[in-house]
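A.B. asks: Mind folding the following:
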Amino acid sequence: MHNAVSIDNSGTFLFLQNRGPIRPLIKGVPMSGGNWKEMFQAACEGDIEMVKYHVKAGVDVNFAHPEFLSTPLVASILAGQSEVALFLLDSGANPGLWSEFDGMKPYQAAHQRGLKDVEIRLRALGVAEAIPAPPARRRFWEFWRGSQA
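C.D. replies: A predicted model of the protein is given here:
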């Protein structure tokens, strides 16, 4: 997926995203990384009004910033912020989007954190999935010994 910014004849910023045919996403004030970061922090802290403000301003609720590699939805769930998580889902957050930093999807995060209301909403959206067993971990000295043992 490739993003681009252009300016139309009136000087208005057009944000374009390449998912096949190029189409305008947001017309108006450009979104900066600072706005997304502020929304991400608000989501983790449970500041629902600040999250609503940024969503209304056009901040992408499915974006995972390269510095964070986490989605606002999974981060808010892991922080125990049910109200924010439910709002993000209502605002178009992808309920099956993988959060690279956290190594899980929203349903797994809700299950881990014990947020039953979020689990119920995610199941209603059709994303209920089996919770995988944690991967078997090798003891640190097994890496050095390798296959000898």
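
A.B. asks: for this structure, what spans make up the strands?
C.D. replies: For the chain, the strands defined by DSSP state E cover 2-7, 13-18, 22-28.

A.B. asks: rank these by pLDDT, which is bottom?
C.D. replies: Here the lowest mean pLDDT among the strands of the chain goes to strand 22-28, at a mean of 41.

A.B. asks: mind listing the helices in the protein by residue range?
C.D. replies: Applying DSSP state H to the chain gives helices spanning 33-45, 48-56, 72-78, 82-90, 106-113, 116-124, 140-145.

A.B. asks: Can I get the ones you listed in JSON lines including distance to Gly96?
C.D. replies: Bear in mind the C-beta positions are built from the backbone N, C-alpha and C, glycine included. Shown next, in JSON lines, are the helices of the chain (distance: least, C-beta to C-beta, whole Å):
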{"stretch": "helix 33-45", "distance to Gly96": "18"}
{"stretch": "helix 48-56", "distance to Gly96": "19"}
{"stretch": "helix 72-78", "distance to Gly96": "10"}
{"stretch": "helix 82-90", "distance to Gly96": "11"}
{"stretch": "helix 106-113", "distance to Gly96": "7"}
{"stretch": "helix 116-124", "distance to Gly96": "9"}
{"stretch": "helix 140-145", "distance to Gly96": "33"}
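
A.B. asks: out of these, which comes closest to Phe63?
C.D. replies: Across these, Phe63 has its closest neighbour in helix 33-45 (5.9 Å, C-beta to C-beta).

A.B. asks: Could you give me the buried positions within the closest one?
C.D. replies: Asn35, Trp36, Glu38, Met39, Phe40, Ala42, Ala43, Cys44 (16 or more other C-beta atoms under 10 Å).

A.B. asks: for stretch 67-85, same thing?
C.D. replies: 68, 70-79, 81-82, 84-85.

A.B. asks: try stretch 48-59
C.D. replies: The neighbour-count check on stretch 48-59 (16+ other C-beta under 10 Å) flags Ile48, Met50, Val51, His54, Val55, Val59 as buried.
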